[in-house]
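1. okay, sequence plus prediction incoming.
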Amino acid sequence: MASTEPQEQTGGAMAQALMAQFEQEMAGTRRALERVPFDKADWAPHEKSMTLGRLAGHIAEMPGWGMSVLESDEYDMNPPEGEPYTPPEIKSTEELLAMFDSGVAAAKAKLPTMSDEAMMSNWRLLSGGEEVFGGPRGPVFNNMIISHVIHHRGQLTVYLRLNGVPVPALYGPSADEQ
């Protein structure tokens, strides 16, 4: 006899592979974000660099951007007839982690439901109605979310080191965590 219970959606191979990487990288990223000293939020290593607070906030907002990639066909950062994207102003580690955790949870709920067909459909980032970049949703999610987080997390660990904050182990021991 067939069950009348709703069946859990199961995504395709691409989504499953991205999910494993996403979970691993977000766990390491959270360990780095937990250490951000907001009493030094205005510190920057160079005049052209983001401040520590802005860099941490940028990292924290990225998992939430993943929902745009997974649920829509495009995102316009500066819509011709609307308000441009404004980064959130985060004032504490608690706010930082809440934003990060919310985005991670949403992406972890949605990603496993994505079929290979959906992950190969096109997604575009726009500014003022003009395409900045685009491509298949799966590779965009990997590049714009996962790899982008990894890139800025690397910067963040340098910021932490330069401010005397112990750097977490990410892919093996750090000088601070054996």
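-> Sure, I can see it.

2. pLDDT score for Ser3?
-> For Ser3, the pLDDT comes out at 42.

3. to clarify, my last question referred to Gly11.
-> 87.

4. wait, it sits on Ser115?
-> Yes. Using C-beta atoms under 8 Å, Gly11 is in contact with Ser115, at 6.1 Å. All C-beta atoms are positioned from the backbone trio N, CA, C, and that covers glycine.

5. the more surrounded of those two?
-> Gly11 (19 against 15; other C-beta atoms under 10 Å).

6. next, give phi and psi for that one.
-> The phi/psi pair for Gly11 (degrees, to the nearest 10) reads phi -80, psi 180.

7. mind listing what it touches?
-> By C-beta atoms under 8 Å, 6 or more residues apart in numbering, the residues touching Gly11 are 19, 111-116, 119.

8. Ala106 too?
-> 63-64, 66-67.

9. and it, what's its pLDDT?
-> pLDDT at Ala106 comes out at 98.

10. may I see the buried residues of the strand or helix carrying it?
-> Assessed by DSSP states H and E, Ala106 sits inside helix 93-110. Buried residues in helix 93-110, counted by 16 or more other C-beta atoms under 10 Å: 96-97, 99-100, 103-104, 106-107, 110.

11. swap in stretch 43-52?
-> Those would be 50, 52, for stretch 43-52 by 16+ other C-beta under 10 Å.

12. all helices for this protein, in order.
-> Counting by DSSP state H, the segments of the chain that form helices are 13-33, 52-71, 93-110, 116-120, 137-140, 148-162.

13. for those helices, which one sits closest to Pro87?
-> The closest of the helices of the chain to Pro87 is helix 52-71. By C-beta to C-beta, the value is 6.2 Å.

14. any idea how far the closest one is from the chain center?
-> Offset of helix 52-71 from its chain centre (C-alpha atoms, centre = their mean, to the nearest Å): 4 Å.

15. what of stretch 131-142?
-> 14 Å.

16. likewise stretch 168-178?
-> Distance, centroid of stretch 168-178 to centroid of chain: 22 Å (C-alpha atoms, centre = their mean).

17. okay, how far is it across stretch 114-133, tip to tip?
-> 21 Å (C-alpha to C-alpha, to the nearest Å).

18. could you list the buried residues of that stretch?
-> 114, 118-119, 123-126.

19. in strands, which of these appear?
-> Residues of these located in strands (DSSP state E): 123-126.

20. what's the most distant pair in these?
-> Pairwise distances across these peak at 10.6 Å for Trp123 and Leu126 (criterion: C-beta to C-beta).

21. between those two, which contacts overlap?
-> By C-beta under 8 Å, 6+ apart, the residues touching both Trp123 and Leu126 are Glu74.

22. now do stretch 43-57: distance to the chain's middle.
-> Put simply, stretch 43-57 sits 18 Å off its chain's centre (C-alpha atoms, centre = their mean).
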